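Colleague: dropping a prediction and its sequence here:
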Amino acid sequence: MFTKNRKTIATILIVLVTVVLFIGFMYLEATNERPFSQFKGILFAIFPALAINAIWNPRINKKNK
């Protein structure tokens, strides 16, 4: 499996990519002069959280299958 350093690097990369995508999405919404829904931010939080959970807790995923 992953070592602790690789897990940490993967977590940091997931967070950075998610933040950049969220800021880019907000910018595109602002340039189109559309209001930004608060629920869209939740989607940008759920998927990275699931990915990070799968990296750090692989046993939980095996029990559910």
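Modeller: Perfect, thanks for sending it.

Colleague: okay, now E29: neighbour count?
Modeller: Look at E29: counted by other CB atoms under 10 Å, it has 14 neighbours. All C-beta spots, glycine's among them, are computed from the backbone N, C-alpha and C.

Colleague: so who does it touch?
Modeller: Each residue near E29 by CB atoms under 8 Å, 6 or more residues apart in numbering is listed here: P35, F36.

Colleague: quick check, central residue of the chain?
Modeller: The centre of the chain sits closest to P48, judged by CA atoms, centre = their mean, with a distance of 2.1 Å.

Colleague: Provide a list of residues in contact with it.
Modeller: I14, V15, T18.

Colleague: repeat the analysis, applying 6 Å as the threshold.
Modeller: Residues in contact with P48 (CB atoms under 6 Å, 6 or more residues apart in numbering) are I14, T18.

Colleague: quick check: mean pLDDT of the host helix or strand of N53?
Modeller: If you go by DSSP states H and E, N53 is part of helix 38-56. On average, the pLDDT along helix 38-56 is 87.

Colleague: which parts of it are buried?
Modeller: When burial is assessed from 16 or more other CB atoms under 10 Å, helix 38-56 yields the following buried residues: F44, P48, I52, I55.

Colleague: spatially, which residue comes closest to the first one, not counting chain neighbours?
Modeller: Closest residue in space to F44, ignoring its immediate chain neighbours: F22 at 4.6 Å, by CB to CB, 6 or more residues apart in numbering.
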